[in-house]
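Asks: Fold the following and give me the result.
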Amino acid sequence: MVKLLVVADDLTGALDTGVQLAKKGIPTEVRIAACGVSGEDTRDTAVVVIDTESRHLPADEAFARVRDAALWGKAAGAAGFYKKTDSTLRGNIGAELAGFMEGCPQNTPLIFAPAFPALKRTTRLGVQYVDGVSLEKTAFARDRLNPITTANIAEIIKTGSAALKVSCAAPEQLAGVLVSRAPEKTVTVVDGENEEDLAETSRRIRAAVSGAGGCRPLPLMAGCAGFAAYLPELLELTAAQTPRPQLTPPLLAVNGSLNPVSLAQTRAALAAGASGVRLKPAALSCASFEESLARELAECSAKAKAAVLHNILDAGELDAYIREAQLQGIADKDLHTVLPQACGRILLRLAKDTDIGALVVFGGDTLVGILNVFGKNSVVPLEEIFPGVVLARIPGVENPRHIITKAGGFGSEDLLQKLLGLGSCCA
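Replies: Numbering: from 1, shown residues only. Below you'll find the model as predicted:
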């Protein structure tokens, strides 16, 4: 029976939220539902995380996908509802919060806690910061598909949905918000400068619900994976003892992300000795090129040598890569879907004859493309290896046995080196 529904706009976000529940022994499944949510069996799943793949969609389409996902949760009898947002506020934030509130059963305010202090994403006086820098001044502001022009969270929300009413509050001010008769479609943005602020937000919500004799429903909640870690206690979800997964040391990584952080991580891994296998634009639409790249990766595996399948290594190479792709008949706007599909086809060829073991994947779009080629639409998160880095398995897929994934902008420069040298940390 579903006790908690989480709705996310991309796959890595869905996974890094789902793992906050899974690592506490709570049965959790992540489903990709870009074309609607099916009525799949949920008897053994306490938490369902739905990835609507809506971050890059027009706002009206994103609204509809999120609303429909929330309606599915309502029909499934979920007691708690959580809208997962990007910690750097990319995507259709306002439209998706509005769609979420439209589809959920409770007529309550929405408490929005977008901070993730463990990853240096903080909220102060309604403004979002990354490592102490105002969001619009960071590399995330230059995202090709979702550029950011302001760090003011209320402005970001109102840009996506003018109908929403937005206020800001410190955690200790939540009691008044939760017991008041707030007007419909009200979003309260909660500050979070450290982990204690998130804990205090959770305590205030729990006190407001229990103070009404348990008759007041939980408010609708939203935020990134940081606050999701407090949901089991709020919903009184029962944890179970689960065996730790036995992880085969990963030797292969796929970086389909264009984020400067992921590019720097790839460069560092190659400098440390990993083999680089470049996915050139010519390989994006040519089966023989894909076969050649799969053989190259297989040769690395046979030598027990770490390899990274990648496109570019520096943001300065992007324009040239786009021009090469255009010569192959691939438009700039289609690269974010064509690249992941090509990665998926190469890996499918590789998996026929080579034991991949654990596969490292950077970027949510990349993982979606791989899953599409493998004919799968769900992932089961298992553990969080590092903050924001998730170990998972794909139901029905034996090779690769595990995937290790993260969003493009997460992690230190030496993260990929650590992952490719990993073996005992999860054994």
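Asks: Show me the shaky parts of this protein.
Replies: Filtered on pLDDT under 70, the chain yields the residue ranges 34-44, 180-184, 212-216, 422-427.
Asks: In it, spot the strand with the most residues.
Replies: Looking across the chain with DSSP state E, the single longest strand is strand 378-386.
Asks: elements contacting it?
Replies: In terms of contacts (3 or more C-beta pairs under 8 Å, 6 or more residues apart in numbering; DSSP states H and E), strand 378-386 is packed against helix 11-22, strand 28-32, strand 389-393, strand 402-406, helix 415-420. To be clear about C-beta, it is placed using only N, CA and C from the backbone, and glycine gets the same treatment.
Asks: tell me the most buried of those?
Replies: Mean neighbour count (mean count of other C-beta atoms under 10 Å) peaks for helix 11-22 among the helices and strands packed on strand 378-386, with a mean of 28.
Asks: Give the other helices and strands that the longest helix anywhere in the chain contacts.
Replies: Counting by DSSP state H, the longest helix found in the chain is helix 335-353. For helix 335-353, the elements it packs on are helix 287-302, helix 318-327, helix 364-374, judged by 3+ C-beta pairs under 8 Å, 6+ apart.
Asks: Quick check: buried residues in the shortest one?
Replies: It stands for helix 318-327. Neighbour counts over helix 318-327 (16 or more other C-beta atoms under 10 Å) mark 318, 321, 325 as buried.
Asks: Identify, from those residues, the entry nearest to Ser301.
Replies: Comparing those against Ser301 with C-beta to C-beta picks out Tyr321 as the nearest, at 26.1 Å.
Asks: Mind checking what secondary structure Leu309 has?
Replies: With DSSP: H, G, I helix; E, B strand; the rest coil as the basis, Leu309 sits in strand.
Asks: now Gln128
Replies: Under three-state DSSP, Gln128 falls in the strand class.
Asks: picking up where we left off before, how about JSON lines for the helices and strands packed on helix 335-353, with distance to Ala118 added?
Replies: Below are the helices and strands packed on helix 335-353 laid out as JSON lines (distance: least, C-beta to C-beta, whole Å):
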{"stretch": "helix 287-302", "distance to Ala118": "33"}
{"stretch": "helix 318-327", "distance to Ala118": "30"}
{"stretch": "helix 364-374", "distance to Ala118": "19"}
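Asks: just the ones you listed: most buried one?
Replies: Highest mean neighbour count among those (mean count of other C-beta under 10 Å): helix 364-374, with a mean of 24.
Asks: Who are the packing partners of that one?
Replies: Against helix 364-374 (3+ C-beta pairs under 8 Å, 6+ apart) you get helix 11-22, strand 252-255, helix 335-353, strand 402-406.
Asks: As JSON lines, the ones you listed with distance to Val380 would be great.
Replies: Output for the helices and strands packed on helix 364-374, formatted as JSON lines (distance: least, C-beta to C-beta, whole Å):
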{"stretch": "helix 11-22", "distance to Val380": "7"}
{"stretch": "strand 252-255", "distance to Val380": "19"}
{"stretch": "helix 335-353", "distance to Val380": "19"}
{"stretch": "strand 402-406", "distance to Val380": "10"}
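Asks: now for the helices and strands packed on helix 335-353, which one comes closest to Ala170?
Replies: For Ala170, the closest of the helices and strands packed on helix 335-353 is helix 364-374, at 31.8 Å, according to C-beta to C-beta.
Asks: now the closest one, how far from the chain's geometric center?
Replies: Taking C-alpha atoms, centre = their mean, to the nearest Å, the mean C-alpha location of helix 364-374 is offset from the chain mean by 13 Å.
Asks: Likewise for stretch 404-418?
Replies: Worked out by C-alpha atoms, centre = their mean, stretch 404-418 lies 13 Å from the chain centre.
Asks: Output that stretch as PDB, restricted to C-alpha atoms.
Replies: In PDB, the C-alpha atoms belonging to stretch 404-418 read as follows (Å, rounded to 0.1, in the frame of the first residue of the first chain):
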ATOM      1  CA  ILE A 404      25.400   4.500  -9.600                       C
ATOM      2  CA  THR A 405      23.900   7.800 -10.500                       C
ATOM      3  CA  LYS A 406      23.900  11.500  -9.600                       C
ATOM      4  CA  ALA A 407      22.600  14.800 -11.000                       C
ATOM      5  CA  GLY A 408      25.100  16.700 -13.200                       C
ATOM      6  CA  GLY A 409      25.900  19.400 -10.700                       C
ATOM      7  CA  PHE A 410      26.600  17.300  -7.600                       C
ATOM      8  CA  GLY A 411      29.900  16.300  -6.100                       C
ATOM      9  CA  SER A 412      33.600  17.200  -5.700                       C
ATOM     10  CA  GLU A 413      36.000  17.200  -8.600                       C
ATOM     11  CA  ASP A 414      37.500  13.800  -7.600                       C
ATOM     12  CA  LEU A 415      34.100  12.100  -7.300                       C
ATOM     13  CA  LEU A 416      34.300  10.000 -10.400                       C
ATOM     14  CA  GLN A 417      37.900   8.900  -9.500                       C
ATOM     15  CA  LYS A 418      36.500   7.700  -6.100                       C
END
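Asks: Nice, that's everything, thank you.
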